[in-house]
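Enquirer: Please find the sequence and the predicted model below.
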Amino acid sequence: METVLKALTLVADPYTLGVMLLAAMFGLFVGAIPGLTATMATALLIPFTFFMDPVPAIAAIVATVATAIFAGDIPGALLRIPGTPASAAYCDEAYAMTKKGLAERALGIALVTSVIGGLTGSIVLSLSAPALAEFAIQFSSFEYFWLACLGLSCAVIISTGSTIKGFVSLLIGLFIATIGIDGTAGHPRFTFGNIELMGGVSFIPAMIGMFAISEVLRYVASNRTVIEVPQQAVGSVFSGLGAILSRYKFNIVRGSSIGAVVGILPGAGADIAAWICYAISKKRSKEPEKFGTGHPEGLVDAGSANNASLAGAWVPAIVFGIPGDSITAIVIGVLYMKGMNPGPMVFIQSPELIYAVFIAFFLANLALLPLGFAAIRLSRQILRMPRRILMPLILMFCMVGAFAINNTVFGITVMLVLGVIAYLMEENGFPVAPAILGIVLGGMVEDNFMASMIKADGSMLGFFSRPIAATLGVITIMLWLTPILVAAWKQYRRMRRPTAET
């Protein structure tokens with residue numbers, strides 16, 4: 001109880017509350033601009049966190065993400081352009097409501113379900129993270145190796161598009177993670193004689209480059225200027241909302257629960273949670289034929305799922321040091337920057353910080369209701385901001401953030417190079433998220449593998465010598481073999497079919 005009170009005092013500090021308010025407004029602004037994701041909002045926030053204590057820094061990220069995910073629904077409903085990937089699952093449904101003159105209802109549903117989902121995810125985070133931390137203290141290098149492999153595998157399997165392209169993206173990230181001095185042998189790898197590369201590729205410039213710079217390049221290549229906003233008025237946001245939420249109350253519970261669980265899976269994230277819940281909603285609905293015509297049922301499920309998954313993604317990040325999504329990958333970088341190593345020991349060394357994160361999630365989601373309402377009312381002005389003004393500002397913030405890591409121009413070079421690589425990857429259908437997770441988890445996989453091999457005296461059986469490690473190892477290997485077995489079974493069926501016909 002004493003720890004909770006101490007955390008409450010840290011969050012209730014006027015400076016922390018002020019930072020959260022500004023960060024929430026920043027998240028609403030960035031999320032409402034089509035193409036500027038919640039991840040980019042978080043990456044742009046990094047330079048400002050250099051000058052903050054750990055609690056305000058983390059609270060600012062929490063507030064930014066919670067509001068940015070919802071704000072992505074605004075251009076999705078008004079323009080059929082999802083502001084963030086999490087809004088893409090139900091963008092067509094919301095826009096169909098707008099064409100019926102129900103834009104205010106669509107946005108009202110998105111706002112309230114986002115708040116409910118966010119609060120549900122916060123409860124899941126608060127209850128599950130401390131319990132899992134007690135369990136995770138028993139982990140050795142064997143368990144962490146398999147856990148990191150499991151996280152990388154999930155990132156490939158659930159990535160959008162081709163699984164093969166997701167795997168190639170992961171390999172690119174793992175290759176980048178190997179650049180620098182080998183921690184075991186002390187031998188430089190892939191440095192090409194460059195002293196700056198001896199320390200490896202810094203994570204924050206890589207993150208900023210692959211998310212923010214790639215979007216700037218995409219804007220330049222598309223030659224877009226100003227987005228046209230339709231004339232549908234946004235009137236009474238909460239009109240008729242009570243009846244809809246009452247009718248679909250089970251959908252809210254289901255969407256929030258599934259979203260929180262999906263968020264816990266390493267590499268999943270809000271967009272995957274929204275797609276899954278929208279698909280389940282359509283399959284389980286009594287009126288599936290209405291989906292795509294402006295039916296609110298899918299909005300309720302997916303809207304509650306995306307915000308619930310945000311808090312869920314913090315569970316593996318805090319407990320195991322494994323990012324649940326690209327946003328928590330940035331958070332892990334910030335925690336390292338503040339001298340705090342995420343993992344089960346942080347619950348013992350800095351428990352007040354963890355409980356401050358829990359409280360910040362509750363406050364951010366409660367503040368989303370009035371702030372989201374204001375954002376809906378101001379949506380036209382936000383969407384009209386010319387890109388020729390916005391993109392140079394983003395580029396400037398990116399350069400400042402990349403330079404501030406080590407106060408060297410080399411950080412800017414890393415940012416630009418990886419930004420170009422990420423742009424080329426996305427233009428050719430290769431997802432960026434697996435590459436980011438490869439950069440984050442590459443060092444963890446290698447370090448724990450080498451430590452485990454030394455402990456096991458070179459025997460691979462050592463990786464299955466402990467019950468938890470053996471369980472995680474079997475699950476991971478089965479996950480690797482499943483696509484191969486499925487493909488082999490399909491090939492076998494295909495070869496048997498002509499024989500059966502004859």
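Expert: Right, received. Where do you want to start?

Enquirer: Relative to I172, how far out is the residue nearest in space to the middle of the chain?
Expert: What sits nearest the mean C-alpha location of the chain, by C-alpha atoms, centre = their mean, is D325, with 3.5 Å. Distance of D325 to I172, computed by C-beta to C-beta, to the nearest Å: 18 Å. To be clear about C-beta, it is placed using only N, CA and C from the backbone, and glycine gets the same treatment.

Enquirer: before we move on, what about L78?
Expert: 36 Å.

Enquirer: Those two: which has the busier surroundings?
Expert: Taking neighbours as other C-beta atoms under 10 Å, L78 and I172 compare with L78 leading, 26 against 20.

Enquirer: shouldn't the more buried one be in contact with T98?
Expert: Yes: applying C-beta atoms under 8 Å as the test, L78 and T98 come out as touching, 6.1 Å apart.

Enquirer: Any idea how many residues pack against P205?
Expert: Using other C-beta under 10 Å: P205 sits among 31 other residues.

Enquirer: That one looks like it's in a strand, true?
Expert: No: using DSSP: H, G, I helix; E, B strand; the rest coil, the assignment for P205 is helix, not a strand.

Enquirer: so what's it scoring on pLDDT?
Expert: According to the prediction, P205 has pLDDT 80.

Enquirer: now do L424
Expert: For L424, the model assigns a pLDDT of 91.

Enquirer: tell me the SS of V201?
Expert: Looking at V201 with three-state DSSP, the answer is coil.

Enquirer: Need phi/psi at it.
Expert: phi -90, psi 120 (degrees, to the nearest 10).

Enquirer: residues contacting it?
Expert: V201 makes contact with 176-177, 179-180, 414, 418, 439, according to C-beta atoms under 8 Å, 6 or more residues apart in numbering.

Enquirer: try 7 Å
Expert: Counting by C-beta atoms under 7 Å, 6 or more residues apart in numbering, V201 makes contact with 176, 179, 414.

Enquirer: Does the last one lie in a helix or a strand, and which?
Expert: Using DSSP states H and E, V414 falls within helix 409-427.

Enquirer: For the following helix or strand past that helix, name the packing helices and strands.
Expert: Per DSSP H and E, helix 409-427 leads on to helix 433-455 as the next helix or strand towards the C-terminus. Contacts defined by 3 or more C-beta pairs under 7 Å, 6 or more residues apart in numbering; DSSP states H and E place helix 433-455 against helix 141-157, helix 163-178, helix 203-208, helix 326-337.

Enquirer: Surely V357 and I58 touch.
Expert: Yes: in this structure V357 lies within contact range of I58 using C-beta atoms under 7 Å: 5.7 Å.

Enquirer: Count the residues that sit near the closest residue to I244 other than its chain neighbours.
Expert: The spatially closest residue to I244, leaving aside those adjacent along the chain, is P296, at 5.4 Å (C-beta to C-beta, 6 or more residues apart in numbering). Look at P296: counted by other C-beta under 10 Å, it has 27 neighbours.

Enquirer: Hmm, A110 and P296 touching each other?
Expert: No: using C-beta under 7 Å, P296 is not in contact with A110, being 9.9 Å away.

Enquirer: quick one, which of the helices and strands packed on helix 433-455 is nearest to F50?
Expert: Relative to F50, the nearest member of these by C-beta to C-beta is helix 326-337, separated by 7.6 Å.

Enquirer: what helices or strands is the closest one leaning on?
Expert: Under the contact criterion of 3+ C-beta pairs under 7 Å, 6+ apart, helix 326-337 touches helix 38-49, helix 54-71, helix 203-208, helix 296-319, helix 433-455.

Enquirer: hmm, who's touching the shortest one?
Expert: Taking contacts as C-beta under 7 Å, 6+ apart, the residues outside helix 203-208 that touch it are 43, 46, 176, 329-330, 333, 398, 401-402, 405, 411, 414-415, 418, 436, 439-440.

Enquirer: How about the last one?
Expert: In this structure, residues lying in contact with helix 433-455 by C-beta under 7 Å, 6+ apart are 141-142, 144-145, 148-149, 151-152, 155-156, 159, 166, 169-170, 172-174, 176-178, 183-184, 203, 206-207, 210, 267, 322-323, 326, 329, 332, 462-463.

Enquirer: can we see that at 6 Å?
Expert: 141-142, 144-145, 148, 151-152, 155-156, 159, 166, 169-170, 172-174, 176-177, 184, 206, 267, 323, 326, 329 (C-beta atoms under 6 Å, 6 or more residues apart in numbering).

Enquirer: One more: the second one?
Expert: Surrounding helix 54-71, the residues in contact under the criterion C-beta under 6 Å, 6+ apart are 10, 16, 19-20, 23-24, 26-28, 30-32, 38, 41-42, 45, 49, 83-84, 86, 114, 118, 270, 306-307, 310, 327, 331, 334, 338, 353, 356-357, 360-361, 364-365, 368, 372, 375.

Enquirer: Among the residues you listed, name the ones in strands.
Expert: Residues from these lying in strands, with DSSP state E as the criterion: none.

Enquirer: hmm, which of the residues you listed are the buried ones?
Expert: When the contacts of helix 54-71 are checked for burial by 16 or more other C-beta atoms under 10 Å, the buried set is 10, 16, 19-20, 23-24, 26-28, 30-32, 38, 41-42, 45, 49, 83-84, 86, 114, 118, 270, 306-307, 310, 327, 331, 334, 338, 353, 356-357, 360-361, 364-365, 368, 372, 375.

Enquirer: Counting only helices, which of those make the cut?
Expert: 10, 16, 19-20, 23-24, 26-28, 30-32, 38, 41-42, 45, 49, 114, 118, 270, 306-307, 310, 327, 331, 334, 353, 356-357, 360-361, 364-365, 368, 372, 375 (DSSP state H).

Enquirer: Now S326: closest residue in space, sequence neighbours ignored.
Expert: Leaving aside its sequence neighbours, S326 is closest to T39 (4.8 Å, by C-beta to C-beta, 6+ apart).

Enquirer: Buried residues in stretch 347-354, which are they?
Expert: Buried residues in stretch 347-354 (16+ other C-beta under 10 Å): 347, 350-354.

Enquirer: Quick one: neighbours of the closest residue in space to V417 that isn't next to it in sequence, just the number.
Expert: The spatial neighbour of V417 that comes closest, neighbours along the chain excluded (C-beta to C-beta, 6+ apart), is G209 at 7.1 Å. Residues lying near G209 (other C-beta under 10 Å) number 28.

Enquirer: Also R466?
Expert: 16.

Enquirer: what's the answer for R497, then?
Expert: Residues near R497, counting by other C-beta under 10 Å: 9.

Enquirer: Can you give me the pLDDT of V19?
Expert: pLDDT, read off for V19, is 91.

Enquirer: can you check A23 too?
Expert: With respect to pLDDT, A23 has a value of 91.

Enquirer: next one: the one 4 residues further on
Expert: At G27 the predicted local distance difference test score is 88.

Enquirer: OK, contacts around it?
Expert: Residues near G27 by C-beta under 6 Å, 6+ apart: 41, 64, 67-68.

Enquirer: Does the residue nearest to I244 touch A243 like I think?
Expert: No: applying C-beta atoms under 6 Å, one finds P296 not in contact with A243, separated by 10.2 Å.

Enquirer: which stretches of the stretch 51-200 of the chain aren't confidently modelled?
Expert: Counting by pLDDT under 70, the low-confidence segments of the stretch 51-200 of the chain come to 79-85, 88, 135-137, 154-161.

Enquirer: what about the stretch 251-400 of the chain, any weak spots by pLDDT?
Expert: 265-269, 271-272, 324, 380-385, 387, 390.
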